[in-house]
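Student: fold the stuff below for me.
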Amino acid sequence: MLSISNTISIDKPLSEVFAFVSDQRNNPKWNYYVMSVEKTNEIEGVGAEYLQTRKSDEQKFGVVVFKVNKRLVIQSIPGQRLKVRRELIFKGNEKQTIIYDQIDFKVPLPKFLSSLILKGPRNGVKQNLAKLKQLLETGHVVLQDGREVLYK
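Tutor: From the prediction side, this is the model:
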């Protein structure tokens with residue numbers, strides 16, 4: 001298993017940041033590689049499932065842990081080629097939020113090849129989190145692919 005870890009501080013209230021980030025349909029607003037996210041069932045919180053369309057593929061994933069203003073864990077639904085688990089831990093107050101982000105990949109390749117392949121995504125994830133920070137703090141961001149997004 002390979003991992004990407006990041007921490008980011010956002011100058012916005014914890015409840016506002018958690019609400020925005022935990023709604024997976026907001027991912028295309030701060031992650032340039034995600035084109036759309038559709039909710040595929042009516043469940044809120046644990047058990048919610050989504051179809052994420054990226055530039056080169058689609059992924060189905062579900063929420064497995066949902067603790068309001070504290071922790072969110074999403075992971076690939078069984079049967080997906082790429083196994084991904086993402087855990088976000090939120091800490092903060094009414095002025096600032098810190099997000100600890102850990103993404104674990106189970107890639108069907110030898111470890112040395114997988115490590116090489118993850119160099120690009122490591123940088124991309126870090127850039128995307130910076131875009132999330134900019135969007136929430138300023139209300140505006142231009143993603144790496146040129147999409148312009150407004151918040152509130």
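Student: phi, psi for L135 please.
Tutor: Per-residue torsions, L135: phi -60, psi -50 (degrees, to the nearest 10).
Student: which residue packs closest to it, ignoring adjacent ones?
Tutor: Nearest non-adjacent residue to L135, counting by C-beta to C-beta, 6 or more residues apart in numbering: V141, 4.1 Å away. (C-beta placed from N, C-alpha, C; glycine too.)
Student: go on, Q59?
Tutor: Counting by C-beta to C-beta, 6+ apart, the residue nearest Q59 is Q52, at 4.8 Å.
Student: quick check: bridge partners of that neighbour?
Tutor: Assessed by DSSP bridges, Q52 has beta-bridge partners V37, Q59.
Student: separation between it and L88?
Tutor: 16 Å (C-beta to C-beta, to the nearest Å).
Student: and if you look at G45?
Tutor: G45 is 14 Å from L88, by C-beta to C-beta.
Student: repeat for L129
Tutor: For L129 relative to L88 (C-beta to C-beta), the value is 10 Å.
Student: need the overlap of contacts for these two.
Tutor: Taking C-beta atoms under 8 Å, 6 or more residues apart in numbering as the criterion, L129 and L88 both touch 99, 101.
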